[in-house]
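1. Sequence plus predicted model, see below.
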Amino acid sequence: MLEKVEISNAEWDVMRVIWALGETTSRQIIEALSDRRQWKPATTKTLIGRLVAKGYVGTRRKSRAYIYYPIIKEQQTINEQILTSFGNICQMHVGQTLATVLNNVELSKDDIKKLESILEVKAKNAPESLPCNCVPNGSCDCMMEMDNWFLQYWNKKFGYPKKYIWKLRGIKYNKIVALQVQFFVERMEEMDSENIKNIKKILVGVDDSEDAQLAFRVAMRRAIELDATLVITSILEKDEMNIYQAMSRDYIHGERAELEKHMEGYKKIALEAGVKNVQLVFSEGNAGEEIVKHIIPAVEPDLLIIGALSKTGIRKYFGSQAAYIVKYSPISVLVVR
């Protein structure tokens with residue numbers, strides 16, 4: 001088996017050109033990538049140098065130019081990368097993940113015939129189902145166990161009522177995996193890898209709905225991976241108050257104080273999870289308009305992450321406003337469902 005090959009997304013683009021041309025110069029590579037990538041020539045040359053240093057690309061001198069050629073084989077490298085990725089997920093979810101991939105890529109009729117032939121052979125000896133291989137003699141209830149632990153952890157740490165905790169208890173692991181696959185495959189793969197690296201500040205809108213809590217967890221993960229600042233925002237919507245409550249300063253002050261205390265819990269969770277820099281932003285009014293017109297201009301984030309569905313009641317913040325935010329936001333928005 002091929003030794004593990006570690007190639008970044010940007011390096012993959014360079015390798016694809018070298019594989020396609022067989023032997024090429026740095027100038028030819030730069031020209032081939034000019035339409036797809038707006039890199040400076042120095043950036044492309046740096047990537048070529050990394051591939052040479054890793055032993056994936058060879059070089060020789062011809063007259064005054066350097067010729068670059070592939071040392072590793074294209075299909076073999078692709079196979080290794082894909083098999084490594086699938087080896088990192090529970091085997092219960094391999095089939096669904098493959099189905100997601102097939103639904104999102106173009107295939108020729110010849111490709112489809114090959115797949116049908118392979119599936120026909122595999123179907124003869126395929127088991128009815130595959131067990132979880134995450135733990136010995138285990139099943140994929142590990143996410144549910146983690147969620148139960150998180151509920152206990154939150155109550156123990158902050159003492160908030162359960163109505164302010166996201167209710168993930170009882171959500172099956174395959175649903176969570178499907179959500180994560182949908183998010184990372186359909187959203188993150190669509191974003192340019194270089195743009196992802198340039199994300200330095202992430203804004204996440206939170207309430208107590210399941211979607212918003214998943215958005216919070218995704219935002220924490222991305223902030224840790226990208227070493228980005230995480231800005232957590234929540235809006236106190238006066239629309240949910242009756243006329244007497246809305247006119248009462250004491251009532252609004254009490255609700256805001258409760259919200260601020262609640263948000264400190266989110267901040268502590270993020271810091272303990274490994275996010276280095278966490279900021280809180282509070283506001284009052286219509287959630288969608290507040291985020292688009294006031295919070296984004298003031299905070300200047302590179303990415304906004306929100307949940308698709310909201311929770312009704314006094315903390316109905318983001319989900320109901322998701323369509324408005326996506327339409328009018330001046331920055332990229334990831335909607336997690």
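-> In hand now; what should we look at?

2. Ends of stretch 202-213, what's the gap?
-> 15 Å (C-alpha to C-alpha, to the nearest Å).

3. roughly how far is it from the heart of the chain?
-> Put simply, stretch 202-213 sits 14 Å off its chain's centre (C-alpha atoms, centre = their mean, to the nearest Å).

4. what does stretch 15-24 give?
-> Worked out by C-alpha atoms, centre = their mean, stretch 15-24 lies 30 Å from the chain centre.

5. For that stretch, which residues meet the burial criterion?
-> 15, 17-19, 24 (16 or more other C-beta atoms under 10 Å). For the C-beta atoms, the positions are set from N, CA and C on the backbone; glycine is no exception.

6. Reformat the residues you listed as TSV; add distance to His93.
-> Output for the buried residues of stretch 15-24, formatted as TSV (distance: C-beta to C-beta, whole Å):
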residue	distance to His93
Met15	29
Val17	34
Ile18	34
Trp19	31
Thr24	39
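
7. between these, which is nearest Val335?
-> Nearest to Val335 among the buried residues of stretch 15-24: Met15, at 32.7 Å, using C-beta to C-beta.

8. That closest one belongs to a helix, doesn't it?
-> Yes - membership of Met15 in a helix is supported by DSSP: H, G, I helix; E, B strand; the rest coil.

9. Would you confirm that it contacts Glu6?
-> No - Met15 lies out of contact with Glu6 (C-beta atoms under 8 Å); the separation is 12.0 Å.

10. follow-up on the earlier one: could the buried residues of stretch 15-24 be laid out in JSON lines, adding pLDDT?
-> Formatted as JSON lines, those follow (pLDDT from 0 to 100):
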{"residue": "Met15", "pLDDT": "93"}
{"residue": "Val17", "pLDDT": "94"}
{"residue": "Ile18", "pLDDT": "93"}
{"residue": "Trp19", "pLDDT": "95"}
{"residue": "Thr24", "pLDDT": "92"}
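
11. residue with max distance from the center of the chain?
-> Centroid-distance maximum for the chain: Ser63 at 46.6 Å, with C-alpha atoms, centre = their mean.

12. can you pull out the strands in this structure?
-> 57-62, 65-70, 201-205, 229-236, 278-284, 303-307, 332-336 (DSSP state E).

13. Mean neighbour count, the ones you listed: which tops it?
-> strand 303-307 (a mean of 28; mean count of other C-beta atoms under 10 Å).

14. show me where pLDDT drops low in the stretch 1-150 of the chain?
-> For the stretch 1-150 of the chain, residues meeting the criterion pLDDT under 70 lie at 1-4, 135-150.

15. can you give me the helices for it?
-> 9-21, 26-33, 41-53, 74-87, 94-103, 109-125, 142-158 (DSSP state H, counting those that start in this stretch).

16. Take these and write them to JSON lines, including distance to Gln279.
-> Converted to JSON lines, those look like this (distance: least, C-beta to C-beta, whole Å):
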{"stretch": "helix 9-21", "distance to Gln279": "29"}
{"stretch": "helix 26-33", "distance to Gln279": "37"}
{"stretch": "helix 41-53", "distance to Gln279": "31"}
{"stretch": "helix 74-87", "distance to Gln279": "34"}
{"stretch": "helix 94-103", "distance to Gln279": "34"}
{"stretch": "helix 109-125", "distance to Gln279": "48"}
{"stretch": "helix 142-158", "distance to Gln279": "19"}
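
17. coming back round to it: show the backbone phi and psi for the residue farthest from the centre of the chain.
-> phi 60, psi -120 (degrees, to the nearest 10).

18. follow-up on the earlier one: which one of the buried residues of stretch 15-24 is nearest Glu106?
-> Trp19 (19.6 Å).

19. contacting residues for the closest one?
-> 70, 74 (C-beta atoms under 8 Å, 6 or more residues apart in numbering).

20. rerun that using 10 Å as the cut-off
-> For Trp19, the contact set (C-beta atoms under 10 Å, 6 or more residues apart in numbering) comprises 57, 69-70, 72-75, 77-78.

21. Just flag the most distant two among the residues you listed.
-> So, the contacts of Trp19 by C-beta to C-beta: farthest apart are Tyr69 and Ile78, at 18.1 Å.

22. Surely Pro70 and Ile18 touch.
-> Yes - using C-beta atoms under 10 Å, Pro70 is in contact with Ile18, at 5.1 Å.

23. Please tell me how far Ser26 sits from Lys327.
-> 43 Å (C-beta to C-beta, to the nearest Å).

24. Skip the chain neighbours and tell me the closest residue to Val5.
-> Once flanking residues are discounted, Val5 sits nearest to Thr77: 5.3 Å by C-beta to C-beta, 6 or more residues apart in numbering.

25. Just give me the neighbour total for the one you found.
-> 18 (other C-beta atoms under 10 Å).

26. how far away is it from Glu290?
-> 48 Å.

27. Touching both of Pro70 and Ile18, which residues are there?
-> 24, 51, 56-58.

28. For the residues you listed, which two are the farthest from each other?
-> Top of the distance list for those (C-beta to C-beta): Thr24 and Tyr56, 14.2 Å.

29. Can you spell out the domain ranges of this protein, please?
-> 9-70, 89-137, 142-336 (automatic domain parsing).

30. returning to that earlier point: quick one: which of Ser26 and Lys327 has more around it?
-> Ser26 (18 against 10).
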